[in-house]
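Engineer: based on what follows, work out the 3D shape:
(one chain, ligands or ions: 2)
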Amino acid sequence: PSTILKDTGRVVDIHTHVYVPSYLQLLRERLQVPRILPPLDPDDEASLERLVILPGEDNDVTTANGRPVTNGFSDVGEKLRFMDQHGIDISVISLANPWLDFLPDTEATYTTARNINCEIQLMCDQSPERLYSFGVLPLVNIQASIKEVENISRLGSMRGVIMGTHGCEGRGLDDPALVPLFQAIADNNQIIFLHPHYGIPINSGSALDTSGNEKGHALQLALGFPMETTIAVTRLVLSGIFDKVPHLKLMLAHSGGTLPFLAGRIDSCVAHDGTIADSLQHPPSWYLKKMYYDAVIYHDVGILATARFVDPKHIMFGTDHPFFPPPGDDTAKPKRWLSVDSNLEALDHAALDHETKRGILGENACRLLNL
Ligand code: URA
Ligand code: ZN
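Structural biologist: Ligands and ions are numbered 1, 2, ... in the order given. Model prediction:
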């Protein structure tokens with residue numbers, strides 16, 4: 001393990017997921033992706049159910065079996081053990097993708113959101129000093145989502161909401177209909193944790209398709225996810241949302257996709273295009289620098305690029321647990337997770353001073369989220 005955990009303050013994981021039992025049940029009852037498939041070998045007790053969630057995942061031989069649904073997905077005790085094992089003091093848990101994006105606009109969907117938030121709160125109540133959370137919204141209906149934001153404000157562990165790039169019925173985050181929702185989130189002093197799910201492009205079969213292609217989940221997760229975030233956030237910025245709702249707070253998964261690297265190019269392309277430049281009060285990078293970024297990028301170069309682009313006080317450590325468990329033999333005795341250690345080492349090796357690293361590991365999240 002990395003040496004960075006020695007001599008630090010609190011360590012906070014702001015990117016760590018749960019699938020509450022009622023959500024798992026909902027996925028079990030579905031016949032289409034996202035869904036849960038029964039264990040591959042029903043006669044073997046050790047054989048686990050399979051989570052198949054990504055678009056097109058069921059169409060490729062290397063991904064069709066999804067990933068095993070381990071206890072880590074829904075068990076608070078397992079989350080706390082993982083935290084203890086890796087020196088994590090506090091976790092801010094969030095429902096994982098694809099949230100409620102696939103549900104219809106019905107009262108039942110609004111109730112599902114309400115119940116899931118209640119379940120997440122009850123999980124946090126089991127260890128109130130160590131567990132905080134982001135809630136989930138029934139984004140298919142804006143008014144119901146605004147009501148849910150108000151409900152989330154009354155749930156003591158919750159500090160904001162997690163959402164994908166889908167928006168309302170797939171119209172994306174720059175849909176003008178979302179402005180009142182963003183306003184409500186900001187007015188309730190909540191933060192949006194923006195997380196990818198769909199990759200690019202959604203239509204399979206093109207030369208740039210990142211799903212499947214007998215490459216397992218690698219292309220989709222390593223490239224599709226961050227490009228999706230990059231595009232969705234750029235579109236949101238170009239919609240002028242931060243001129244309309246200046247106090248909106250966004251935290252971007254995976255160090256903002258590729259935004260710290262591409263910000264200059266986005267600025268330049270906008271500056272050379274009067275149709276869009278005139279509609280914004282500032283260059284795109286000005287808005288991007290107001291956002292918060294996780295440190296789930298697994299490489300010191302990515303950390304350093306993010307820390308040179310935004311104020312490093314806007315960067316926060318995360319693990320993406322329970323995704324990316326240690327590769328190899330599932331039955332081996334518990335060991336440290338490679339995915340966690342790569343992120344710790346990336347921070348350790350980044351050319352940043354100790355105070356800055358301490359901030360990224362936990363103090364920034366404590367301050368921003370009032371933990
Ligand atoms: N795979 C997912 O589907 N979601 C994550 O957050 C990470 C990996
Ligand atoms: Zn994640």
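
Engineer: which residues touch the residue nearest to Ile231 when sequence neighbours are not counted?
Structural biologist: Excluding its sequence neighbours, the residue lying closest to Ile231 (CB to CB, 6 or more residues apart in numbering) is Ile200, at 6.8 Å. For glycine as for every other residue, the C-beta is placed from the backbone atoms N, C-alpha and C. For Ile200, the contacting residues are Leu208, Thr210, Gly224, Met227, Glu228, Ile231, by CB atoms under 8 Å, 6 or more residues apart in numbering.

Engineer: again, 6 Å this time
Structural biologist: Gly224, Met227, Glu228 (CB atoms under 6 Å, 6 or more residues apart in numbering).

Engineer: ok, the residue of the chain found nearest ligand 1 to Leu221 distance?
Structural biologist: In the chain, the residue that lies nearest ligand 1 is Phe323 (3.7 Å; CB to the nearest ligand atom). From Phe323 across to Leu221, the span is 8 Å (CB to CB, to the nearest Å).

Engineer: what helix or strand is the residue in the chain sticking out farthest from the centre located in?
Structural biologist: For the chain, the residue at maximal distance from the C-alpha centroid (CA atoms, centre = their mean) is Asp43, at 35.1 Å. Under DSSP states H and E, no helix or strand contains Asp43.

Engineer: coming back round to it: quick one: the residue nearest to Ile231 is in a helix?
Structural biologist: No - applying DSSP: H, G, I helix; E, B strand; the rest coil, one finds Ile200 to be coil, outside a helix.

Engineer: for the protein, which segments count as strands?
Structural biologist: Applying DSSP state E to the chain gives strands spanning 12-18, 35-37, 50-52, 67-68, 90-95, 131-135, 158-163, 191-194, 249-252, 292-294, 315-316.

Engineer: minimum distance to His282: which of those strands has it?
Structural biologist: In terms of CB to CB, the element of the strands of the chain nearest to His282 is strand 249-252, at 15.5 Å.

Engineer: the closest one pairs with which strands?
Structural biologist: Neighbouring strands of strand 249-252 in its sheet, by DSSP bridges, are strand 191-194 (parallel), strand 292-294 (parallel).

Engineer: anything in it near ligand 1?
Structural biologist: No - judged by CB under 6 Å from any ligand atom, strand 249-252 and ligand 1 are separated, with a smallest distance of 13.1 Å.

Engineer: and the end-to-end length of stretch 9-22?
Structural biologist: In stretch 9-22, first residue to last residue: 36 Å (CA to CA, to the nearest Å).

Engineer: other residues contacting that stretch?
Structural biologist: So stretch 9-22 is contacted by 73-74, 87-94, 96, 115-116, 119, 294, 296, 316, 318-321, 358, 361-363, 365 (CB under 6 Å, 6+ apart).

Engineer: out of those residues, which are buried?
Structural biologist: When burial is judged by neighbour count using 16 or more other CB atoms under 10 Å, the buried members of those are 73-74, 87-94, 96, 116, 119, 294, 296, 316, 318-321, 358, 361-363, 365.

Engineer: keep only these that also lie close to ligand 1.
Structural biologist: For ligand 1, the contacts drawn from those by CB under 6 Å from any ligand atom are Ala96, Asp320.

Engineer: in helices, which of the buried ones among the contacts of stretch 9-22 appear?
Structural biologist: Ile116, Glu119, Arg358, Ala365 (DSSP state H).
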